[in-house]
Structures are given as C-alpha cells and as structure tokens.
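Student: fold the following, please.
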Amino acid sequence: MHQGSPVLVPTLRVSHSVKSRSMNPLEVSPEQFKSLCEQFIAIASDYLEKIDSRSIPPEANGAEVERILHAPLPETGLGDEAIRAVSDVVQHSRAQNGRFFGYVLGSGEVVGAATDLLCSVLNQNVTAWRSSPAAVTVEKLVVSWLARIVSCREFRGVLCGGGSAANLMGMAMAREAKIPANKSGIPLDERFAIYASTEVHMSIPKAIALLGLGRDNLRLVPVDNSFRMIPSQLERTILRDTESGIVPIAVVGSAGTVNTGAIDPLIEIAAIAAKFGAWFHIDGAYGALGAIAAPHKFLGIDRADSISLDPHKWLYQSIDCGCLLYRDAGAARRAFSYSGDYVRALNDDPFESLTFFDESIELSRRFRALKLWFSLRYHGLAAFRKSIEDDLQRAQRLGSSIEGTADLQLMAPIELSAVCFRYVGGAHSEEDLNHINSKILRRIMERGNVYLSNATLQSRFCLRACIVNHRTTNSDIDRVVAEILAVAREVHNAN
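Tutor: Residues are numbered from 1 along each chain as shown. Prediction:
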C-alpha cells in the first residue's frame with residue numbers, strides 16, 4: 001500500500017429523485033440538476049483542498065480497484081444515491097498535484113475545467129456555423145489566438161482531441177498535397193518517403209501506418225548530442241532517395257521531443273524541405289506553446305505547412321484539447337472535405353458558411369474551445385506566460401540539483417522542461433544501471449510522494465521529470481532528489 005492521506009469526500013445530501021408526471025424518465029428538474037451540481041462541486045472542492053497531501057497513485061492495486069468499482073448495471077435508477085460511488089472514483093484516481101512530473105500532461109487548470117459542465121449541457125456539435133453558431137465563432141477566435149501565440153498569425157486551424165490526432169491530420173494533408181490519394185488511392189507505382197528524427201513521437205509512425213503509407217517508408221534521421229535532428233543528415237538522406245526516384249512527401253520537425261524536450265533546428269529543416277518540395281510538419285504538441293514565454297527558442301516555426309499543438313499540455317487545460325494549425329485551408333479541404341447533402345452550409349455568407357468538418361477528420365466535434373476561451377479570458381495571457389516561465393526555471397533548478405549530487409547524472413541538455421537523469425551510485429555496468437534505475441522508478445511509484453516517468457536515451461534507462469504543471473513549487477522540485485536518494489538506499493538495502 002502507498003503512504004498518503006486518503007481523500008475524504010464530504011457528506012452528501014441524498015434524496016430520491018421525484019419526477020413530475022409529464023417528464024421523460026431521463027429528465028430532471030432544474031432544482032434536481034442544481035442539487036446534483038452542488039454535490040459534485042462539493043466533491044471537486046474537497047479533492048482540490050486535499051490534493052497536495054495525497055499520494056499521487058491510488059492507494060490500491062489493480063485488483064482492489066476493480067473489486068471496489070465493479071457493480072451490476074441497475075435496471076432501476078439509483079437517483080442521487082448513485083453519487084455515493086463517485087467518492088470511490090475520486091479516491092482511486094491519480095492525484096495531479098504539484099509533485100506530478102510524469103509524461104507531458106497539463107495539470108487541469110480548474111477555471112477552464114469548470115466550463116466543461118456548461119459545454120456538456122449546451123451539447124453543441126461544432127460541425128458548422130448553422131449547427132453551433134456561437135461555438136464555431138469561439139473556436140475560430142481561439143485558434144487565431146493560438147496561431148498568433150506561436151508567430152503564425154496567418155494560419156487557420158481546428159481543435160481536436162490531442163497531438164496524435166493533429167499529427168494524423170497533418171500527415172493526411174501532406175500525403176494528399178504530394179501524392180493525391182483520396183479519389184483513387186495511392187498510386188501503386190509511386191515510391192515515397194517521410195522523414196523525421198530518431199526522437200520522433202510515436203504518433204507519427206502510427207499516422208503513417210494508418211494512412212496506408214507504410215512505416216517502412218519512414219526515414220529516421222540521426223540526432224546530435226542534444227537529441228536534435230542533424231540537418232546535413234536529413235539532406236543527405238533525401239538526396240539519396242530522390243536520386244533513386246523516391247518522392248519526399250513530408251519532413252517532420254519536433255518543437256519539443258517527448259523524451260528530452262529537444263527542439264530541432266527548424267529554420268534549416270524548413271529550407272531543406274522547401275528545396276525538395278516536401279511538406280513541412282512540426283510536431284509542437286509538447287513544446288510549441290512554450291513560445292508564449294520563450295519565442296526565441298522556436299525560430300522557424302512560421303515556415304511550417306502544419307503544426308500540432310496541445311493546449312491540454314502547456315496551457316494546462318483539462319483533456320482533451322489539441323489543435324492543428326495549417327498555412328493553407330485549401331489543403332485541409334482537399335484532404336478532408338467529403339460532405340453529404342444533409343450537412344451543406346446552404347449559404348455563401350463568409351461567416352455562416354464556415355464548416356469545420358471540411359477541414360478536419362471529425363464530423364461530430366465537442367465544444368473544446370469553450371474552456372480554453374474562458375480560461376484565457378479569465379486569467380489573461382500574462383498569467384500563462386508566468387506559469388510557463390516558472391516551469392522552465394524549475395526544470396533548470398532540478399537540473400542544477402542533479403548536477404550537484406554525486407550519485408546522480410544528468411542525461412540530456414534541458415531545453416524546455418523535461419529533465420532526464422539517472423542514479424549512478426557505486427560502480428556498475430550499463431546493464432546494472434538500467435536495472436537499478438528501473439527498480440528505483442517502480443519503488444518511487446509505490447511510495448507515491450513524487451511521480452516520474454522514464455525515457456531510454458542511447459540504450460540507457462533514465463528517470464524523467466517533465467514539469468508542465470501550474471501547481472508545482474520550488475519545494476516540490478527540491479523533493480525530487482531527496483526522494484531518489486532515499487529510494488536508492490532502499491533498493492541497495494534490499495539487495
């Protein structure tokens with residue numbers, strides 16, 4: 001069992017729902033709805049009040065969580081009594097407090113999250129202006145804000161589920177622009193390739209496979225000691241392919257790799273992609289919104305044809321909230337437009353004829369823009385800039401602490417907020433170090449005091465802290481090294 005304080009859910013008012021004779025059995029009165037909301041607000045507020053004292057992982061194993069949450073599907077509704085089980089869900093959820101440094105996951109800024117209830121009640125299907133006029137208008141505005149933030153003011157775009165969806169759409173646009181396939185399929189006699197660094201996110205090879213392009217046609221370009229794509233190697237690889245009759249469809253640059261936060265040399269890569277007529281897509285899901293605080297790190301991003309962003313990372317929004325920006329809306333329509341008569345816009349008004357489904361893989365689309373729109377208006381961009389600056393500074397603080405500790409080794413430069421390191425106490429082989437650090441990570445998870453993830457760099461297993469968290473303080477950062485050293489002693493004593 002983990003060490004930590006349990007979540008204490010407040011005592012709830014429980015009353016069986018009484019419906020009027022004329023109401024559908026799924027309907028609730030405004031008074032009942034208000035009561036439900038008040039009870040959920042009490043649960044959420046209690047969770048937030050105690051979040052910092054919680055163990056980050058749940059204090060139960062998988063079998064125990066399954067036993068606690070497993071229940072038969074009721075034939076007769078439980079009414080307000082159903083709320084009692086919500087406490088179990090809260091109790092056994094991961095707590096994303098200031099010591100959560102796993103993956104690249106924003107911290108769920110609650111002002112934006114509060115609007116999700118309204119989003120669901122409004123239930124707008126953000127397909128086109130005629131189906132959701134306010135939602136379409138808000139999304140168009142929010143996308144323009146995101147484009148301006150990353151110095152791509154003239155770009156258009158759509159919100160989506162996350163970086164993986166945005167990267168899939170970017171690759172679909174690249175394929176349709178360079179090897180049109182939507183009408184008659186990929187030409188069987190065509191030979192082609194896509195180029196990315198060896199540090200590319202898993203969503204890119206997945207997208208290439210889903211589009212029928214074949215992962216064998218993805219060329220992985222070597223990286224330098226800072227884990228950035230080497231432009232000369234990219235150019236050499238493309239040149240070799242073109243001399244063999246292979247068409248370069250796209251080059252993918254990273255504006256913050258998932259392992260180390262490395263930013264590829266975007267200006268040089270853009271020039272090479274243009275030289276060979278390849279689409280230039282930037283995977284900026286992790287890092288590109290860091291341009292709010294450090295625009296100098298992302299020079300060349302405006303030369304992309306498409307860019308993925310994730311406001312549910314470095315704008316701290318609750319999942320899901322991704323974005324694809326693109327230079328040419330016509331290219332998006334060529335990739336995604338195929339509309340039945342039932343969704344025609346019916347007029348040519350420049351505002352009312354907007355159809356997001358013609359520039360997106362989705363038809364049914366949630367009102368994702370609402371929370372981001374409200375959160376940005378409520379706090380202002382300066383507040384987000386300061387929080388991102390804090391994350392960047394705290395990553396450097398952790399790096400300095402690691403470098404000042406004899407038994408720890410920093411494994412990569414800290415470009416953004418990902419910090420990769422390992423325990424090296426004592427004399428060990430690389431195989432032993434991989435094994436020891438893997439055991440240390442497992443034990444850290446069991447203790448639940450801080451939450452780290454892992455990365456493998458040059459065949460070396462690393463501990464990884466990624467700070468994309470508006471709740472994190474300097475004291476949270478300072479606990480990381482102390483926790484690693486305490487766990488390392490436990491591991492050594494156990495051996």
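Student: where does the prediction get shaky in the stretch 101-250 of the chain?
Tutor: Within the stretch 101-250 of the chain, not a single segment meets pLDDT under 70.
Student: quick one, strands of it?
Tutor: Counting by DSSP state E, counting those that start in this stretch, the stretch 101-250 of the chain has strands at residues 156-160, 192-197, 218-221, 247-254.
Student: TSV please, covering those strands and showing mean neighbour count and distance to Cys37.
Tutor: No exception for glycine: its C-beta is placed from N, CA and C like everyone else's. Conversion of the strands of the stretch 101-250 of the chain to TSV gives the following (neighbours: other Cβ atoms under 10 Å; distance: least, Cβ to Cβ, whole Å):
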stretch	mean neighbour count	distance to Cys37
strand 156-160	26	26
strand 192-197	25	46
strand 218-221	19	48
strand 247-254	27	42
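Student: so what touches stretch 124-131?
Tutor: By Cβ atoms under 8 Å, 6 or more residues apart in numbering, the list of residues contacting stretch 124-131 from outside reads 132, 134-137, 139, 343, 345-346, 351-357, 363-369.
Student: between the two ends of it, how far is it?
Tutor: With Cα to Cα, to the nearest Å applied, stretch 124-131 spans 7 Å between its terminal residues.
Student: so what's Cys466 closest to, chain neighbours aside?
Tutor: Once its chain neighbours are removed from consideration, Cys466 has its nearest residue in Ala418; the separation is 4.6 Å (Cβ to Cβ, 6 or more residues apart in numbering).
Student: thought that neighbour was touching Ile263?
Tutor: No. At 11.3 Å, Ala418 and Ile263 do not qualify as touching, with contact defined as Cβ atoms under 8 Å.
Student: so who does the closest residue to Ala406 other than its chain neighbours touch?
Tutor: The shortest distance from Ala406 to any residue other than its chain neighbours is 7.9 Å, reached at Gly425 (Cβ to Cβ, 6+ apart). The neighbours of Gly425, taking Cβ under 8 Å, 6+ apart as the test, are Ala406, Asp407, Ala488, His492.
Student: just the buried members of these?
Tutor: Ala488 (16 or more other Cβ atoms under 10 Å).
Student: please report phi then psi for the residue nearest to Cys466.
Tutor: When quoted as degrees, to the nearest 10, the phi and psi of Ala418 stand at phi -90, psi 130.
Student: for Gln233, see how far away it is.
Tutor: Spatial separation of Ala418 from Gln233 under the definition Cβ to Cβ, to the nearest Å is 23 Å.
Student: more neighbours, the two?
Tutor: Applying other Cβ atoms under 10 Å to Ala418 and Gln233 shows that Ala418 carries more neighbours, namely 26 against 16.
Student: check what pLDDT the more buried one gets.
Tutor: Confidence at Ala418, expressed as pLDDT, is 98.
Student: from the contacts of stretch 124-131, list the buried ones, please.
Tutor: In terms of neighbour count (16+ other Cβ under 10 Å), the buried residues within those are 132, 135-136, 139, 345, 354-357, 363, 365-369.
Student: burial count for Leu188?
Tutor: Using other Cβ under 10 Å as the criterion, the residues surrounding Leu188 number 5.
Student: to clarify, my last question referred to Ala177.
Tutor: For Ala177, the tally of surrounding residues (other Cβ under 10 Å) stands at 21.
Student: ok, Asp349 next?
Tutor: Number of residues near Asp349 (other Cβ under 10 Å) recorded here: 10.
Student: how about Ala329?
Tutor: Burial of Ala329, expressed as a neighbour count using other Cβ under 10 Å, amounts to 14.
Student: my guess is it contacts Glu359. True?
Tutor: Yes. With contacts counted by Cβ under 8 Å, Ala329 reaches Glu359, the gap being 6.0 Å.
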